[in-house]
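Asker: Pasting a predicted model and its sequence here:
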Amino acid sequence: MADRLAVWRAGIAGPRVTGFVWQPLPEFTGSEQQGKRLVAGDLCFAGHSVTLAGRTPWQITAAPDAFIDALHGFAWLADLAILPDGAGLATARAWLSDWLARDGRGRGPGWSLALVAKRQIAMITHAGFLAKAVAPEDKQRLLSALGRQGGVLQMRASNAAQGLSRIEVLSALVYSALTLGGMQSALNPALRAMAQACAEDFDASGAIAARNPATLLAMLTHLTGVAALLKQTGKPADPAIDTAIARIAPTLRSLRHADGGLVRMHGGGRGAPGLLDSTLARANQRPSRIKGLAMGYARLDGRRVSLIVDAAPPLLGPGSHAAHAATLAFELVSGRAPVIVSAGSAQGFGPQW
């Protein structure tokens, strides 16, 4: 109800976005293979598949919550944007136009704080693609939706759950302040809140309480995106963000297997292909690893073999909702071949699993 109230208030008293004053580059590229499936009307999110058969995604009613969340998070923009020769433009135009008509004024299931943050980042980082995809009659509705989303972020950022959710919400707010005309006043409060989040969420070695390597990578991706955008727009670097990046990067390198993927522990997977490498490159830190335990994990490696062991006691208390009783569990990777890996929680394979 608090999110819904913020959506309503943002529509009345929220910022009035006048347009993009800066168009950042996407944080990561999408999948061309996935983009082709989307154009063909074959949707697969959160382990659930739906064939559109002439419908738009927003006409889907019988689907798991995780599937609906993935739709309204708009991460699929990256998959359509990467298609060569503008092959994804027509699909993006149809889907965007129908979403603006149905849900763009704050209706529908996609207006929780978490989904607003995801969608705002996806829209802003693909502003160039959206500019081509949006129909002329929808341009003002798109700006209105961006303004409403920015207002929700301003009103509700302090209520974001500690950890990845808070970093994502604050990153979306910084992105909005740096790229959308009419939202510049949100920048300094957002950076102050992000400095506090960095101090509370990361210890001196860049570790997080949840000990989920994939979550740590997602948080670093957002922080490096904010740092890069501050630099691109001529704003001063933020010391708190730069310090957090410098601490996290060596920890993630220690949790990187010989095949380039992350160790699969405490609910996390190996990460999207190429995301770890691109994020570490954008961190712009001298390559190094943690000496001793990295976020509670021990590492052995030689030649092209990596062995990573969970060497910490079972996780209890805050952040343990996705933890495993995995003390002394290990993964072994040889070259590009995973030999022994964690089966994980299978949350990404759908509710039946």
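Answerer: Structure received. Bear in mind the structure is a predicted one, so any value in this text is a computation, not a measurement.
Asker: Distance check, the residue nearest to Glu32 when sequence neighbours are not counted against Trp76.
Answerer: Residue nearest to Glu32 in three dimensions, not counting chain neighbours: Ile82, with 5.4 Å by C-beta to C-beta, 6 or more residues apart in numbering. Just so you know, the C-beta spots here come from the backbone N, C-alpha and C atoms, and that holds for glycine as well. Using C-beta to C-beta, to the nearest Å, Ile82 is found at 11 Å from Trp76.
Asker: ok, now Ala63?
Answerer: According to C-beta to C-beta, Ala63 stands 14 Å off from Trp76.
Asker: The two: who's more crowded?
Answerer: Neighbour count, other C-beta atoms under 10 Å: between Ala63 and Trp76, Trp76 has more, with 23 against 18.
Asker: Quick check on the more buried one: phi, psi?
Answerer: phi -70, psi -10 (degrees, to the nearest 10).
Asker: need the helices for the stretch 101-250 of the chain, in chain order.
Answerer: Secondary structure of the stretch 101-250 of the chain (DSSP state H, counting those that start in this stretch): helices located at 113-125, 127-133, 139-156, 164-179, 187-201, 213-232, 239-254.
Asker: From those, pick the one with the highest average neighbour count.
Answerer: helix 164-179 (a mean of 25; mean count of other C-beta atoms under 10 Å).
Asker: about what we covered before: a markdown table for the helices of the stretch 101-250 of the chain, including mean pLDDT and distance to Thr327?
Answerer: Shown next, in a markdown table, are these (pLDDT from 0 to 100; distance: least, C-beta to C-beta, whole Å):
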| stretch | mean pLDDT | distance to Thr327 |
| --- | --- | --- |
| helix 113-125 | 96 | 31 |
| helix 127-133 | 93 | 45 |
| helix 139-156 | 95 | 37 |
| helix 164-179 | 97 | 24 |
| helix 187-201 | 96 | 23 |
| helix 213-232 | 95 | 16 |
| helix 239-254 | 96 | 18 |
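Asker: can you put these in a markdown table and add distance to Ala283?
Answerer: Formatted as a markdown table, the helices of the stretch 101-250 of the chain follow (distance: least, C-beta to C-beta, whole Å):
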| stretch | distance to Ala283 |
| --- | --- |
| helix 113-125 | 18 |
| helix 127-133 | 24 |
| helix 139-156 | 25 |
| helix 164-179 | 15 |
| helix 187-201 | 14 |
| helix 213-232 | 5 |
| helix 239-254 | 4 |
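Asker: now the end-to-end length of stretch 205-221.
Answerer: End-to-end span of stretch 205-221 (C-alpha to C-alpha, to the nearest Å): 17 Å.
Asker: Hmm, I typed the wrong one, I wanted stretch 37-53.
Answerer: Taking C-alpha to C-alpha as the measure, stretch 37-53 stretches 13 Å from start to finish.
Asker: buried set for it?
Answerer: Neighbour counts over stretch 37-53 (16 or more other C-beta atoms under 10 Å) mark Leu38, Val39, Leu43, Phe45, Ala46, Gly47, His48, Val50, Leu52 as buried.
Asker: Lowest-confidence member of those residues, which is it?
Answerer: Within these, the minimum per-residue pLDDT falls on Gly47 (79).
Asker: So it versus Leu170, what's the distance?
Answerer: Using C-beta to C-beta, we find Gly47 at a distance of 29 Å from Leu170.
Asker: still on that earlier bit, ramachandran angles for the residue nearest to Glu32?
Answerer: Note on Ile82: backbone dihedrals following degrees, to the nearest 10 are phi -80, psi -10.
Asker: Wait, it touches Gln33, no?
Answerer: No: using C-beta atoms under 8 Å, Ile82 makes no contact with Gln33, being 9.9 Å away.
Asker: okay, those two: which has more neighbours?
Answerer: Neighbour totals were compared for Ile82 and Gln33, and Ile82 leads with 18 against 9 (other C-beta under 10 Å).
Asker: hey, what's in contact with both of Ile82 and Trp76?
Answerer: When C-beta atoms under 8 Å, 6 or more residues apart in numbering defines a contact, the residues bordering Ile82 and Trp76 alike are Gly30.
Asker: And the helices in the stretch 251-353 of the chain?
Answerer: Taking DSSP H, counting those that start in this stretch as the criterion, the stretch 251-353 of the chain carries its helices at 275-283.
Asker: What ranges in it fall below the confidence cut-off?
Answerer: Within the stretch 251-353 of the chain, the stretches with pLDDT under 70 are 319, 344-351.
Asker: The same query, at a cut-off of 50, please.
Answerer: Applying pLDDT under 50 to the stretch 251-353 of the chain flags no residue at all.
Asker: For it, just list every one of the strands.
Answerer: Along the stretch 251-353 of the chain, counting by DSSP state E, counting those that start in this stretch, strands occupy 297-302, 305-310, 330-334, 337-340.
Asker: Mind giving me the packing neighbours of the third one?
Answerer: Right, the one you point to is strand 330-334. Contact analysis of strand 330-334 by 3 or more C-beta pairs under 8 Å, 6 or more residues apart in numbering; DSSP states H and E lists strand 305-310, strand 337-340 as its packing neighbours.
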